[in-house]
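Student: dropping the sequence and predicted coords here.
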Amino acid sequence: MTKNKMLLSWIEEMAALTTPDEIVWITGDSEQLDQLRQQAIATGELYKLNEEKLPDCYLHRTAVNDVARVEHRTFICSRREIDAGPTNNWMAPKEAYEKLGKIFNKSMKGRTMYVIPYSMGPVGSKFSKIGIELTDSIYVVMNMVIMTRVGNDVLDALGNSNDFVRGLHGKADIDEENRYICHFPEDNTIWSVNSGYGGNVLLGKKCFALRIASYQGKNENWMAEHMLILGVEYPNGETKYIAAAFPSACGKTNLAMLIPPEIFAKKGYKVWTVGDDIAWIRKGPDGRLWAINPENGFFGVAPGTNIKSNPNALHATEKGTIFTNVVHNLENNTVWWEGLDKNPPTKALNWKGEPWTAESGEKGAHPNSRFTAPATNCPSISKEFDSPNGVPLSAMVFGGRRAKTAPLVYQSLDWVNGVFVGSIMASETTAAASGAVGVVRRDPMAMLPFCGYNMGDYFQHWLNIGKDVGDKVPKIFHVNWFRLDDEGHFLWPGFGENLRVLLWILDRCEDKVGAVETPIGYLPKPEDINLEGIDVTEETLKELLSVDKELWLEDTVRIEDFYNKIGNTVPKELRNELTKLKKKLS
Ligand code: OXD
Ligand code: MN
């Protein structure tokens, strides 16, 4: 298997702690995976769905107390508390190892420990990093096989190197009171215990590819970001790439898999999906920033996904997919969720496995129910998806859900101002339909729950990258698809029509169109957003592009509070940007 002494001795140590009956190395071989699936089916951990309608697809139900990421149980265990910073939960490494060590102690007795060698990014690419996850869950093995590149070739690529992330996951008793997701950035280590839910246990995703990787990126001069990556192909065949960060539940997967409106499709525009959640970004040989999607699949939210909202995502789930906490349609042994279609099954089990009908008035699928689908299933997957060199970024986009404050789109003045724009990102939490302005949650670069170190140092890292890359940096923009009129209606149709905004962004990157300078940055001239074939009047567009100085001034107060909460690690340059903005607004 491997002669890597560091790896073997670490596994020995973890096995001595958790005392599994057996240790099984995941080779990537399909026969082995088949065997494990059969085993999981026999114990009820996986349920095999209709082979004709959903080939190679399975249903899984988590424990009722274990349905989402647990931010209050997620810790950054750096040696110094200041290095985790005030926006993260912190525990001293010694305390964390001791506390979790007691919970892990003998926790795999009577179970098997699976050793999953996985690569984040194409195996062998200079962007890529290797992790080893030890777990007692076949569900985790099956998900990791979809979400990452798993198997013996990863061990070959690792060789005798010590450069791998050590992940230990144990289901233990799925006890909420003793659930911990601990990250030790200085040790390249993640320990996760007492959960079986995706985001807490698929250690390659948020734990490694964002929290640990953001720390690695700071030390190694690259970036790990909570960003989708998409390519816009022009009728002449040229493709330009955009990376975009939005807080959870703002439609990243939908944007990444955008279907061009017919009027653009007819002209020959296409949109290609490189990634829907995470981007690893570094300077390429040409001096520009290049990005890869380190994942190999989509761990998407099921409810709301349908043939209209996101046909590409829906098609991606038609084979080789694991569904978690959705409705089990007993009529034909398939799955269903709210928002899939208007025909809920009449004979069905809800996400808890109880008999359920839509008439009960209760939701059948858990709101955070998920599909784990291979990226290659997605009809819009980019031909560069597997490229070891990644794709060059023309633009970076930040966004949030703001009823009134942020315009449809604006461009930052330069890189430093763009970092400022990312650092003040925010989203409103309440339902938009009522028209009420919701509770604003600041979520810089959509990284608040995912940055593995001090947020102020993270801002500084962005500034450093800008200095290093110089004038070849991508241009930075902000979008808001969720602007409301005074009656609480969305002003912008969203979905595929967002391509119109992306095209303006790319035109700006090429200096093809002018702009209007405002206190917050450059806004489109209304005539530069193509409204051909949609029901958006010029008047509505003007409203979408308006900037209410009073609201912005109010916002600057909250931004200052937020900066003060982070404290004196916030770079001086960003404080200067805030001062300049205030001056321009008043
Ligand atoms: C996710 C999230 O699951 O951001 O991707 O919460
Ligand atoms: Mn995410």
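Tutor: Yep, that arrived. Numbering: from 1, shown residues only. Ligands and ions are numbered 1, 2, ... in the order given.

Student: and the helix or strand harbouring Gly300, which strands flank it?
Tutor: In the assignment (DSSP states H and E), Gly300 maps to strand 297-301. Looking at strand 297-301 with DSSP bridges, its partner strands are strand 370-374 (antiparallel).

Student: contacting residues around the partner strand?
Tutor: Defining contact as Cβ atoms under 8 Å, 6 or more residues apart in numbering, one finds that strand 370-374 is touched by 143, 146-147, 198, 296-302, 305, 313, 316-317, 320-326. Backbone N, C-alpha and C define where each C-beta goes, glycine included.

Student: element containing the residue in the stretch 51-200 of the chain positioned nearest to ligand 1, please.
Tutor: Per Cβ to the nearest ligand atom, Gly199 is where the stretch 51-200 of the chain lies closest to ligand 1, at 5.3 Å. Taking DSSP H and E as the criterion, Gly199 maps to helix 198-201.

Student: could you pull out the strands for the stretch 251-400 of the chain?
Tutor: Secondary structure of the stretch 251-400 of the chain, counting by DSSP state E, counting those that start in this stretch: strands at 270-275, 279-283, 289-292, 297-301, 322-324, 327-329, 334-336, 348-349, 355-356, 370-374, 391-399.

Student: so what does the longest one touch, helix or strand wise?
Tutor: Applying 3 or more Cβ pairs under 8 Å, 6 or more residues apart in numbering; DSSP states H and E, one finds that strand 391-399 contacts strand 227-233, strand 239-245, strand 289-292, helix 415-423, strand 475-479, helix 499-509.

Student: just checking: what are the partner strands of the third one?
Tutor: Looking at strand 289-292 with DSSP bridges, its partner strands are strand 279-283 (antiparallel), strand 391-399 (antiparallel).

Student: sorry, back to before: I'd like to know the average pLDDT value across the helix holding Gly199.
Tutor: Taken as a whole, helix 198-201 has an average pLDDT of 93.

Student: mind telling me what element Ala249 is part of?
Tutor: Going by DSSP H and E, Ala249 is not part of any helix or strand.

Student: you'd agree it is up against Gly304?
Tutor: No - counting by Cβ atoms under 8 Å, Ala249 stays clear of Gly304, with 9.5 Å between them.

Student: which residue does the stretch 251-400 of the chain have closest to ligand 1?
Tutor: Nearest residue of the stretch 251-400 of the chain to ligand 1, counting by Cβ to the nearest ligand atom: Asp277, 4.9 Å away.

Student: again but with the chain, I slipped
Tutor: Per Cβ to the nearest ligand atom, the residue of the chain with the smallest distance to ligand 1 is Ser248, at 3.5 Å.

Student: leaving out sequence neighbours, find the closest residue to that residue.
Tutor: Nearest-residue entry for Ser248: Ala446, 7.6 Å, with adjacent residues in sequence omitted and distances by Cβ to Cβ, 6 or more residues apart in numbering.

Student: isn't that neighbour right up against Leu228?
Tutor: No - counting by Cβ under 8 Å, Ala446 stays clear of Leu228, with 10.2 Å between them.

Student: which neighbours do these two have in common?
Tutor: Phe246.

Student: hmm, back to that, mean neighbour count added to the strands paired with strand 289-292, as CSV?
Tutor: Formatted as CSV, those follow (neighbours: other Cβ atoms under 10 Å):
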stretch, mean neighbour count
strand 279-283, 23
strand 391-399, 24
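
Student: turn the ones you listed into JSON lines, columns for mean pLDDT and distance to Phe385.
Tutor: Output for these, formatted as JSON lines (pLDDT from 0 to 100; distance: least, Cβ to Cβ, whole Å):
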{"stretch": "strand 279-283", "mean pLDDT": "98", "distance to Phe385": "13"}
{"stretch": "strand 391-399", "mean pLDDT": "98", "distance to Phe385": "9"}
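
Student: how about those in TSV, adding distance to Gln35?
Tutor: Output for the strands paired with strand 289-292, formatted as TSV (distance: least, Cβ to Cβ, whole Å):
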stretch	distance to Gln35
strand 279-283	33
strand 391-399	37
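
Student: domains of the protein?
Tutor: 5-45+70-212, 225-296+384-585, 297-377 (automatic domain parsing).

Student: would JSON lines of the ones you listed with distance to Val64 be doable?
Tutor: Formatted as JSON lines, the domains of the chain follow (distance: least, Cβ to Cβ, whole Å):
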{"stretch": "domain 5-45+70-212", "distance to Val64": "10"}
{"stretch": "domain 225-296+384-585", "distance to Val64": "21"}
{"stretch": "domain 297-377", "distance to Val64": "6"}
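
Student: which one of these lies nearest to Asp56?
Tutor: Asp56 sits nearest to domain 297-377 of all the domains of the chain, at 4.6 Å, using Cβ to Cβ.

Student: return the set of buried residues in stretch 468-476.
Tutor: Neighbour counts over stretch 468-476 (16 or more other Cβ atoms under 10 Å) mark Val469, Val473, Pro474, Lys475, Ile476 as buried.

Student: identify, from those, the entry nearest to Trp351.
Tutor: Comparing these against Trp351 with Cβ to Cβ places Ile476 closest, at 39.5 Å.

Student: what's the burial count for Trp462?
Tutor: Using other Cβ atoms under 10 Å, Trp462 has 24 neighbouring residues.

Student: helix, strand or coil for it?
Tutor: Three-state assignment for Trp462 (DSSP: H, G, I helix; E, B strand; the rest coil): helix.

Student: near ligand 1, which residues of the stretch 151-300 of the chain show up?
Tutor: Within reach of ligand 1 by Cβ under 6 Å from any ligand atom, the stretch 151-300 of the chain has these residues: Gly199, Ser248, Asp277.

Student: model confidence for Gly435, exactly?
Tutor: Taking Gly435 on its own, its pLDDT is 42.

Student: and the spatially most central residue of the chain, how close does it get to Arg442?
Tutor: Centroid-nearest residue in the chain: Asp277, 3.0 Å away (criterion: Cα atoms, centre = their mean). Counting by Cβ to Cβ, to the nearest Å, the gap from Asp277 to Arg442 is 20 Å.

Student: related to what we said a few turns ago, including mean pLDDT, could the helices and strands packed on strand 391-399 go into JSON lines?
Tutor: Shown next, in JSON lines, are the helices and strands packed on strand 391-399 (pLDDT from 0 to 100):
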{"stretch": "strand 227-233", "mean pLDDT": "98"}
{"stretch": "strand 239-245", "mean pLDDT": "98"}
{"stretch": "strand 289-292", "mean pLDDT": "98"}
{"stretch": "helix 415-423", "mean pLDDT": "98"}
{"stretch": "strand 475-479", "mean pLDDT": "98"}
{"stretch": "helix 499-509", "mean pLDDT": "98"}
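
Student: output the ones you listed as a markdown table; include the columns distance to Thr579.
Tutor: Shown next, in a markdown table, are the helices and strands packed on strand 391-399 (distance: least, Cβ to Cβ, whole Å):
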| stretch | distance to Thr579 |
| --- | --- |
| strand 227-233 | 28 |
| strand 239-245 | 25 |
| strand 289-292 | 28 |
| helix 415-423 | 11 |
| strand 475-479 | 19 |
| helix 499-509 | 26 |
